[in-house]
Every structure is written in C-alpha cells, then in structure tokens.
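Chemist: need a structure here:
(one chain, ligands or ions: 2)
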Amino acid sequence: MTRWSEFYVHTTREVPSDAEVISHQLMVRAGLIKKLAAGIYTYLPLGWRSVAKMAAIVRREMDAAGAVELSMPAIQPAELWQESGRWQRYGKELLRMRDRHDREFCFGPTHEEVVTDLVRRDVRSYRQLPFNLYQIQTKFRDEIRPRFGLMRGREFLMKDAYSFGATEAQLDEAYEAMRRAYCAIFAACKLEYTMVEADTGTIGGSSSHEFMVVAQTGESAVVSCPCGYGANVEKAESRLAPAVAAEEAPEERRAVPTPGKSSVPDVAAFLGVPPERVVKTLIYETEKEFVAALVRGDREINEVKLQNALAADHLALASEEKVERLTGAALGFAGPIGLPAELRLIADESVRELRNFVCGANEADTHLVGVNWGRDLPLPPVADLLLVAAGDPCPRCGAPLQLSRGIEVGHIFKLGTKYSEAMRCHFTDETGAERPMIMGCYGLGIGRTVAAAIEQNHDADGIVWPLPLAPFEVLLVTLNAADEETRRVADELHARLGALGIEVLYDDRDERPGVKFKDADLVGIPLRVVVGGKSLAAGQVEISHRRDRAKEAVPVAEGLQSILARLAAEGRKTPA
Ligand code: ATP
Ligand code: MG
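Modeler: Residues are numbered from 1 along each chain as shown. Ligands and ions are numbered 1, 2, ... in the order given. Purely as a prediction, here's the structure:
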C-alpha cells in the first residue's frame, strides 16, 4: 500500500529563486528533490522512484548489450590520477581531500583511472579480451556554475561504462553496441533525442558522439542538416565561402584614427567597410603561452577548436590588463602587426583570402586599413577555428545548417590507448607481443535525463510524465476519504491493481478535492482514477490521462479492466 499520506510528498507552490528552468522548478515544487547545498540534492521518495526507473532502463539495455555491472569506489587515491596526468590537468572541478595520514584523494568525477588500474591487475592476455564494465554511481564535479537542479549538479548519478579490447575492431564493435543501447534507452524513455558528432579534445583522432535531448533551454548548441549531418557546435564544421572578392589591387597601408571604436561593428560602420573586411584579433592565455587568434570580423572563434589546435589544457581570454601590457593599447585595438614575440599567432581559415583588410594597430584609438598578407605580414599558421553559425553551408552537402539547442544526456567516446598507455594497462597478443589495451568510455547522466524528460514533458500545471519514468503509473484519488463506500471501492481497486504489479499512489488524504487535483497535476502521474462524489453515487469511477485530461466514467466493476487497457495502450506490458 503506497498511501500519499505516508509517502513523504511535500508539494509547494513556491518557485525557488535559483530555479531558472522549468524542470528544476517542477522537481522542487512537486517534491521530487530538495537542495542541501549548491548542486547537491536529496532525491525525495517520488523523485527517487523516477531516478530508479531511469537506472533500471539503463541497466536493462547495458546488460542486453553485453556490458557487465560492477561498482567502483567514489573516493580515489591521487596516485592513480598522477599516473594518468590528470591530477594536474583536471583543475578545480576535481574535489581533492586528505585522509588522516595526509594522503591525497579525490571524489571521483569519472572512473577511467580506477577501472584501468583494476583491469591492468587482472587481465594479461588477448584471450581475456574484450569486455565492457559499467556502473551506476555517484560522481562529484565541483562545477563552476551548478544550476538547473539535477541537470548540472555537483553531486550526480552517472552510468559510466568502459570497454577494453585487443584490436580496433573490438573497440568499433563495443562502440556500436553502446550506440545502439543508448538509442534504445532514450527511445524507451520516450524522449525526443538526436545523436551528434562531438569534440574529442586533445586526444584527437578517435570518434565521439553525444546524445542530445532536444530542448530550448539546453546548454548545448547543435547544428544539423537534413542530409543527416549533426554535430555539437564545439565540433561543427562548415564550408565557408570567402566573402570578399579575391582579386583586388593592394592598397596602401595606413593608420587611421578610430576614437572609441573598439568593436568590429563600430569600426566597420565608422570606416564605411563591411565587417567581413575587418580582422578581429583576440588575445588568449593558455597554461603555456599567450596567443593572438584571428578571425574574420563578422565571425566568432570556437574556443574548443582553438584549444585543440594549440594542444592546450586550459584556455581563456586574457585579462584586460594583460591585453594592454601585451598590445600596448586598450581592449579592442589589438592587431596582428607588431605584436611582441611572446605572442603566438594563429588564424582561422576565414581570414586567408582577405585583401585590403582592417585590423587593430596596437595603438590607442587607431586601426590599420589596406592591410595585405605577404606584403605587410606573413599569413600566420591557419586552422579551422570557426564557430559555425546557422545558415553556414553543411560540410557534407552544402545546404544551410540549422542551429538548435539540446541537453547532453549521454556521451560515447573512443579513448584508444590514452589511459592504457599512461597507466601501462597491457596485454600479450597472439604473437606474444605486449600492447596497450584499446579502450572506450560511455557516460550517461541518470538525473540529467530525468530532468530532461520533464523539460520535454510538462504543461502550465505541472509535470506530464512519460509512463516509463513516472514515479507511479496510477494515481488513485478519493474525493471524500471519510465516506465509507468511497474508501471501500478505492481500497479494493488499490489492492487489485497492486496484486497485478501496477504501481499505484493512493491519495487517501482528507483534503479538499481542489487541493488533491492541483497536486495531482503538479506531480504528473500518467493515469488518474477518481473515486467518490456523484460518479460513485452512479456506480462509476472516473478515469483520466494527465496528458490530455480526457475523462471517462466507467462502471466500478469495469474500472480495473479499463485501467489495464489504458496502460497497455501506452506500451506497458500488463498481466492479462
Ligand atoms: P557537460 O559538457 O554538460 O559538462 P561533460 O562533457 O562534462 O558534460 P561527461 O564527462 O561526458 O560530461 O559525462 C557523461 C554524462 O554525465 C553527460 O553526458 C551528462 O549526462 C552527465 N553529466 C555530466 N556532468 C553532469 C553534471 N554536472 N550534472 C549532472 N549530470 C552530468
Ligand atoms: Mg562537464
């Protein structure tokens, strides 16, 4: 018997001030989660049921794909992270701590090190490969901006799987099995999702895909094309046509005053040239060096591409003071000519074809016009650093790309030998030679997916759960809990549904119907059965769907069959 009155359901009308997105607001209001500290939440009984259902779907599909479940520790020794090189590189997202012996540990944000250490101690031969290990476990990442409730928490639940193989073919097979499993998982949750190409960082070479739940409030931008091309904007490429006529006689280079005109649009308007003719110079700082990155004035730099091109661990725009010290001018007047040698120059493809262009003069309130590659300065090393925009030509077919937003719920990645080499996770092959194992890793956010499901399934009154993730399948509501006949009919229906394994939450509270219906809408359980009042007097119970609210009164004796038929219509396998 799961009675509302005993199930610790505390709904509230108050919208927490830090809840920017609807899923976060609704999860708090419906009593699914409770904040303990920034990015750290208690999963309340209702919320935990949905999270557990998500986990069960993931577990089912992982098992079906041949992955094997284990559970690794949350607390990890620093030595493993030093071996992989990530103790230095991971930065402040890694929560570090010391034990009583002053030994260093971290709370795991991910488990490549731990699983690689495990496997190198157990596996010796190609005959013991391949396999894929997974867990559903609590991670901690000290996110710079925890927000959106479970969507970007600091403590959160992730399914992480790690495949180990002897050959590239075995990696390809594991990757494909995971790709299919992820599709099955998100389809089982009834989510609208897409798979896109993702950035592989400085590891390079190998492939990586992200699964995005389509949502306006998503933190990720994705480009897509009807031809099937889809990519995270961090990774997206385009065929950009040169915007300026290539054949043009070189003009004389001149310095011109541009007082207070520090932005590209302002400079272009002031000089009466299109922004495409301006070269924008951005000064960045990495852990190794300062960098001046050039891009056409109407376009933006993709900082992920830039970081990869520089093989840097960290990248950020240099501070105003540093820009002034390096360029000798205020922000907005930097240019590629005459910069100190300590600055490394790199240019996006978009500036390659420019003639007679405008750029900052590295001098207060001054720009240069009529600048040309070769004559005035050599063309710096060129790379694709472009942030793709809506309408850019698709790299595959040339059609205009579309830009949309999504919530990254899963990420699959061919790691190759990055960790197995660094941590000497080796095996002997058929010829007796020792080689590093070939790995893949596959992450999926359990809480984030539940939040994403709400982001996609709600209305003005509350959550509209897709059946597979709903905390309960049926909400049984009594209109007058004190009435004996009402209680008798409801109790019996509850007992019979329960006996068939249907998950029923029984709102037996002695509350006004208005209060109970408001709560029912907020909590969003898919099927609602109301017992009492006029309909019961007529020998009927009222059944409705949360999604369309269409009500139907059925004779009490047919209530059970009607509920089963509706659940079956939603795809639930119910007992005959
Ligand atoms: P993001 O770019 O959103 O920070 P990530 O690339 O750091 O994600 P991964 O390291 O690939 O994420 O983690 C695997 C999965 O774990 C993600 O696809 C996401 O579903 C989930 N996840 C990552 N960070 C968080 C977080 N802070 N809160 C909740 N879920 C998260
Ligand atoms: Mg992250």
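Chemist: Excluding sequence neighbours, find me the nearest residue to Pro380.
Modeler: Of all residues not flanking Pro380 in the chain, Leu345 sits nearest, at 3.7 Å (Cβ to Cβ, 6 or more residues apart in numbering). (C-beta placed from N, C-alpha, C; glycine too.)
Chemist: Just confirm that neighbour is within a helix.
Modeler: No - going by DSSP: H, G, I helix; E, B strand; the rest coil, the assignment for Leu345 is strand, not a helix.
Chemist: So it sits against Pro381, correct?
Modeler: Yes - if you go by Cβ atoms under 8 Å, Leu345 and Pro381 touch, sitting 7.3 Å apart.
Chemist: Could you check which of the two has the larger neighbour count?
Modeler: Leu345 (16 against 10; other Cβ atoms under 10 Å).
Chemist: How about Ser420, nearest residue that isn't a chain neighbour?
Modeler: Pro436 is the one closest to Ser420 (Cβ to Cβ, 6+ apart), at 3.9 Å.
Chemist: same thing with Val409?
Modeler: Thr449 (4.6 Å).
Chemist: Lys92 too?
Modeler: The shortest distance from Lys92 to any non-neighbouring residue, by Cβ to Cβ, 6+ apart, is to Asp142 (5.9 Å).
Chemist: could you measure that neighbour against ligand 1, distance?
Modeler: Note on Asp142: its distance to ligand 1, by Cβ to the nearest ligand atom, to the nearest Å, is 10 Å.
Chemist: just the residues of the chain that are near ligand 1, which are they?
Modeler: 110, 141, 143, 152-153, 156, 158, 408-411, 443-445, 447-448 (Cβ under 6 Å from any ligand atom).
Chemist: what about 8 Å?
Modeler: By Cβ under 8 Å from any ligand atom, the residues of the chain that approach ligand 1 are 39, 109-110, 139, 141, 143, 146, 150-154, 156-158, 160, 210-211, 219-220, 407-411, 413, 443-449.
Chemist: Buried ones from those, can you make that a PyMOL selection?
Modeler: In PyMOL, this line selects whichever of the residues of the chain next to ligand 1 come out buried by 16 or more other Cβ atoms under 10 Å:
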select buried, resi 39+109+110+139+141+143+146+150+151+152+153+154+156+157+158+160+210+211+220+407+408+409+410+411+413+443+444+445+446+447+448+449
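Chemist: Could you report the pLDDT at the residue nearest to Ser420?
Modeler: With respect to pLDDT, Pro436 scores 98.
Chemist: ok, now the one 3 residues further on?
Modeler: The score at Met439 is 97. That number is its pLDDT.
Chemist: In contact with it, which residues?
Modeler: Met439 makes contacts with 112, 116, 162-165, 171, 415-420, as judged by Cβ atoms under 8 Å, 6 or more residues apart in numbering.
Chemist: Need the phi and psi values for the residue nearest to Val409.
Modeler: phi -70, psi -40 (degrees, to the nearest 10).
Chemist: ok, it touching Gly443?
Modeler: No - between Thr449 and Gly443 there is no contact under Cβ under 8 Å: 11.4 Å.
Chemist: Now for these two: what residues contact both?
Modeler: Gly410.
Chemist: for this protein, what are the low-confidence residue spans?
Modeler: Low-confidence segments of the chain, defined by pLDDT under 70: 202-205, 241-246, 574-576.
Chemist: quick one, domains of it?
Modeler: According to automatic domain parsing, the chain comprises the domains 45-236+403-454, 254-383, 472-569.
Chemist: Between the two ends of the first one, how far is it?
Modeler: Here the two ends of domain 45-236+403-454 are set 17 Å apart, with distance taken as Cα to Cα, to the nearest Å.
Chemist: Pull the distance from that domain to the chain's centre.
Modeler: 12 Å (Cα atoms, centre = their mean, to the nearest Å).
Chemist: Surely Arg29 touches His10?
Modeler: No - in this structure, Arg29 is not within contact of His10 by Cβ under 8 Å, at 10.0 Å.
Chemist: Looking at these two now, which is surrounded by more residues?
Modeler: Under the criterion of other Cβ under 10 Å, the comparison of Arg29 against His10 puts Arg29 first, with 19 against 10.
Chemist: how about the strands in the stretch 251-400 of the chain?
Modeler: Here the stretch 251-400 of the chain has its strands, by DSSP state E, counting those that start in this stretch, at 254-257, 279-286, 290-296, 315-317, 343-348, 357-360, 366-371, 382-383.
Chemist: Strand partners (parallel or antiparallel) of the fourth one?
Modeler: Using DSSP bridges, the strands paired with strand 315-317 are strand 279-286 (antiparallel).
Chemist: and the angle for the strand it pairs with with strand 290-296?
Modeler: Using axes from the mean of the first three to the mean of the last three Cα atoms, to 10 degrees, the direction of strand 279-286 lies 150 degrees away from that of strand 290-296.
Chemist: what's strand 279-286 in contact with?
Modeler: Contacts of strand 279-286 (Cβ under 8 Å, 6+ apart): 264, 290-297, 299, 301, 303, 306-307, 310, 312-319, 322-323, 326-327, 334-336, 343, 351, 354, 357-360, 371.
Chemist: now the residues you listed: which count as buried?
Modeler: 264, 290-297, 299, 301, 303, 306-307, 310, 312-313, 315, 318, 323, 326-327, 334-336, 343, 351, 354, 357-360, 371.
Chemist: Now the stretch 201-350 of the chain against ligand 1: closest residue?
Modeler: Glu219 (6.3 Å; Cβ to the nearest ligand atom).
Chemist: in terms of contact, does that residue touch Val409 like I think?
Modeler: No - Glu219 is not in contact with Val409 according to Cβ under 8 Å; the separation is 11.5 Å.
Chemist: give me every residue that touches the residue lying closest to Glu104 once chain neighbours are set aside.
Modeler: The spatial neighbour of Glu104 that comes closest, neighbours along the chain excluded (Cβ to Cβ, 6+ apart), is Ala78 at 3.6 Å. Neighbouring residues of Ala78 by Cβ under 8 Å, 6+ apart: 87, 96, 103-106.
Chemist: top of those by neighbour count?
Modeler: Top of those by neighbour count (other Cβ under 10 Å): Cys106, with 21 neighbours.
Chemist: Report the contact partners of the spatially most central residue of the chain.
Modeler: Geometric centre of the chain, nearest residue: Glu408, 2.4 Å, by Cα atoms, centre = their mean. By Cβ under 8 Å, 6+ apart, the contact list for Glu408 reads 210-212, 218-220, 232, 445, 448.
Chemist: List the neighbouring strands of the helix or strand hosting it plus their orientation.
Modeler: For Glu408, the element it lies in under DSSP states H and E is strand 402-416. Sheet neighbours of strand 402-416, with direction, are listed as strand 208-214 (antiparallel), strand 220-224 (antiparallel), strand 438-445 (antiparallel) (DSSP bridges).
Chemist: Only alpha carbons, please: show it as PDB.
Modeler: In PDB, the C-alpha atoms belonging to strand 402-416 read as follows (Å, rounded to 0.1, in the frame of the first residue of the first chain):
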ATOM      1  CA  GLN A 402      20.300  24.600 -38.700                       C
ATOM      2  CA  LEU A 403      21.200  25.500 -35.200                       C
ATOM      3  CA  SER A 404      19.200  24.200 -32.200                       C
ATOM      4  CA  ARG A 405      19.600  23.600 -28.600                       C
ATOM      5  CA  GLY A 406      19.900  20.400 -26.600                       C
ATOM      6  CA  ILE A 407      20.600  18.800 -23.300                       C
ATOM      7  CA  GLU A 408      23.600  16.500 -23.400                       C
ATOM      8  CA  VAL A 409      22.400  13.300 -21.700                       C
ATOM      9  CA  GLY A 410      24.900  10.800 -23.000                       C
ATOM     10  CA  HIS A 411      28.400  10.800 -24.400                       C
ATOM     11  CA  ILE A 412      30.300   7.900 -26.000                       C
ATOM     12  CA  PHE A 413      33.900   8.100 -26.800                       C
ATOM     13  CA  LYS A 414      36.700   6.000 -28.400                       C
ATOM     14  CA  LEU A 415      39.500   6.600 -26.000                       C
ATOM     15  CA  GLY A 416      42.000   4.400 -27.800                       C
END
